[in-house]
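J.: Fold the stuff below for me.
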Amino acid sequence: MVRVGVLAVQGDFIEHSHALKRVGVESVEVRLPEQLDSVDGLIIPGGESTTIVQLIDIYKFRDSLRAKSSEGFPIWGTCAGMIVMASELTDKRPDPLKLMDIVVTRNAFGRQVDSFEADIDVSGINDGPFRAVFIRAPIVTKVGKKVKILAELDNGNAVAVQQNNLLATAFHPELTNDSRMHLLFAKMIEDST
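T.: All right, here's what the predicted structure looks like:
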């Protein structure tokens with residue numbers, strides 16, 4: 001059985017833990033870098049990206065996450081987590097971890113009042129579209145050669161991408177009752193071991 005860590009320094013980590021529990025996957029709240037050795041994969045949740053990066057640096061996660069991702073450790077970033085994982089941002093801050101070969105624009109759809117939901121088709125997920133919740137969401141504006149686009153909005157904006165063991169979504173699957181994205185990540189972890 002896989003154990004999924006959820007980075008629990010800021011953001012909606014509790015919602016991810018609940019979503020994993022619904023599908024029978026054990027979750028562990030990760031607050032210190034040494035806890036990464038006790039899990040099979042990690043979710044970096046949505047929240048405030050600048051704060052998450054500051055706390056990653058305060059708790060000295062940066063080097064550990066870079067090393068583990070290069071060794072094939074599965075990591076999934078949702079919303080702010082996508083921003084944290086990017087190689088580059090169109091904004092000046094925060095300083096992302098540079099895990100995925102993607103360029104990301106923060107708050108691409110505007111302010112909180114511009115949040116929305118959309119039905120999207122996600123490669124690797126069956127049984128119809130996924131109802132995605134976008135809250136001050138980012139978009140991927142450029143992908144590297146090894147990055148696969150898993151989902152786009154009708155306007156062509158990439159909102160779900162995968163690069164080997166790394167997954168990033170601009171939306172919040174943990175805020176729905178649809179557990180297919182969490183199952184997809186659990187399968188990624190199983191396939192990596």
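
J.: Now Leu42: phi and psi?
T.: Backbone torsions for Leu42, taken as degrees, to the nearest 10, come to phi -140, psi 140.

J.: helix, strand or coil for Val53?
T.: The local conformation at Val53, judged by DSSP: H, G, I helix; E, B strand; the rest coil, is helix.

J.: now it: how far from Ala80?
T.: Shown here: Val53 relative to Ala80, a distance of 9 Å by CB to CB, to the nearest Å. All C-beta spots, glycine's among them, are computed from the backbone N, C-alpha and C.

J.: got it, and Asn165?
T.: 20 Å.

J.: Could you do Pro129 as well?
T.: From Pro129 to Ala80 the distance is 24 Å (CB to CB).

J.: Ok, Asn126 next?
T.: The spacing between Asn126 and Ala80, counted by CB to CB, is 28 Å.

J.: what about those two, which has more around it?
T.: Ala80 (29 against 6; other CB atoms under 10 Å).

J.: Does that one touch Ser49 like I think?
T.: Yes. The pair formed by Ala80 and Ser49 meets the contact definition of CB atoms under 8 Å, at 4.1 Å.

J.: shared neighbours, those two?
T.: Common contact partners of Ala80 and Ser49 (CB atoms under 8 Å, 6 or more residues apart in numbering): none.

J.: Excluding chain neighbours, what is closest to Met188?
T.: With sequence-adjacent residues excluded and distances taken as CB to CB, 6 or more residues apart in numbering, Met188 is closest to Pro74, at 5.1 Å.
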